[in-house]
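Student: what's the 3D shape of this:
(chains A and B)
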Amino acid sequence: MNAHRYILVIAGAVATSLISFASIVAHGPAFIAQVEAKAGKARDAAGGKDITLRFTTSQGWLTRHPELDGGADTPRDIRQRTASAIFVSPGVGGVHWNPDPTRMADTKGGPPRTPTLHCQDRVEGILRVRSIRFSEASAAIDPASGALLDEVAAALRPCVGSIIAITGHTDAMGSESANIRLSRDRAESIRKALIRRGIPAAGLRARGEGSGQPLEGLDPSDPANRRIEFSVISIRPLDPTPVDTPSAG
Amino acid sequence: MPLWLEMLILMLLTYASGLGIGWFYWNRGGRRR
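Tutor: Purely as a prediction, here's the structure:
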């Protein structure tokens, strides 16, 4: 192919780009207004009247992928149904919630709550009555704790996308450096066990505190201080809404 | 994704596939000189 043909192909691409941009300038606002009207009707029919739809990107461009906002007092199932109804509304490419976690205040006047913290509560609930056992002075998880780890992994699954810290603690018996190493190795074993159970490695952090943080009201040398704690650091609350999937139309 | 970007991608893909089809038939012997 000679240079002349290359120039012709590039000129064609430029002309195509200009045509597409001009057509969006001419017809985009009317098209989006139409999509917005239908999505608004779908939202009202689903019962999420106080949820607002924004058909512009953060840079101010028109988009078929609306951002949903508000509706903090709307029950979760209505929010979910509204998002699904908007998602299937003609012309809508996908929906996503405004990623501001304060919107999740689910009780009037109550403290804001994010869904990720719910799964921390669930894990704590599981571990309150049973604990993950290790072999004596070793980081090897007792095989009998396998089922418990399955439950922990299932409880953590809704938190995927957030950072989950796994912290190992020991009692004050033995040297502190050995305790820190052991607690870190045990936290690391739990981390690996959770990865094997399908929790993404990228979101899991393991650390060992040794005997430095005994349980409140307990003597530091009490064996009950040997434990694994999970804390969910809420960085990206997940909403059970359809994913933002671009589609033609 | 902004609407203009969706349109641009769609149009350029259409343009590129048109070029591809044209190139294929041109080299298949459709060319007569």
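
Student: Need the phi and psi values for residue A:200.
Tutor: phi -60, psi 130 (degrees, to the nearest 10).

Student: Give me the local confidence score for it.
Tutor: Per-residue pLDDT puts residue A:200 at 83.

Student: Validate this expectation: residue A:158 resides in a helix.
Tutor: Yes - according to DSSP: H, G, I helix; E, B strand; the rest coil, residue A:158 belongs to a helix.

Student: Skipping adjacent residues, who's closest to residue A:222 in space?
Tutor: residue A:171 (6.0 Å; C-beta to C-beta, 6 or more residues apart in numbering or on different chains). (Each C-beta comes from the backbone N, C-alpha and C, glycine too.)

Student: list the contacts for that neighbour?
Tutor: Residues in contact with residue A:171, defined by C-beta atoms under 8 Å, 6 or more residues apart in numbering or on different chains, are A:179, A:211, A:214, A:220, A:221, A:222, A:223, A:224, A:225, A:226.

Student: Which of those residues has the largest number of neighbours?
Tutor: Counting neighbours by other C-beta atoms under 10 Å in any protein chain shown, residue A:179 leads these with 22 neighbours.

Student: Tell me the secondary structure at that one.
Tutor: Strictly by three-state DSSP, residue A:179 counts as helix.

Student: quick revisit: between the contacts of residue A:171, which is closest to chain B?
Tutor: residue A:226 (50.6 Å; C-beta to the nearest C-beta).

Student: Which residues are in contact with that closest one?
Tutor: With C-beta under 8 Å, 6+ apart, residue A:226 has these contacts: A:169, A:170, A:171.

Student: OK, contacts around the residue nearest to residue A:215 when sequence neighbours are not counted?
Tutor: Leaving out its chain neighbours, the residue that sits closest to residue A:215 by C-beta to C-beta, 6+ apart is residue A:225, at 5.6 Å. For residue A:225, the contacting residues are A:169, A:170, A:171, A:172, A:211, A:214, A:215, A:218, by C-beta under 8 Å, 6+ apart.

Student: Thanks again, I'm all set now.
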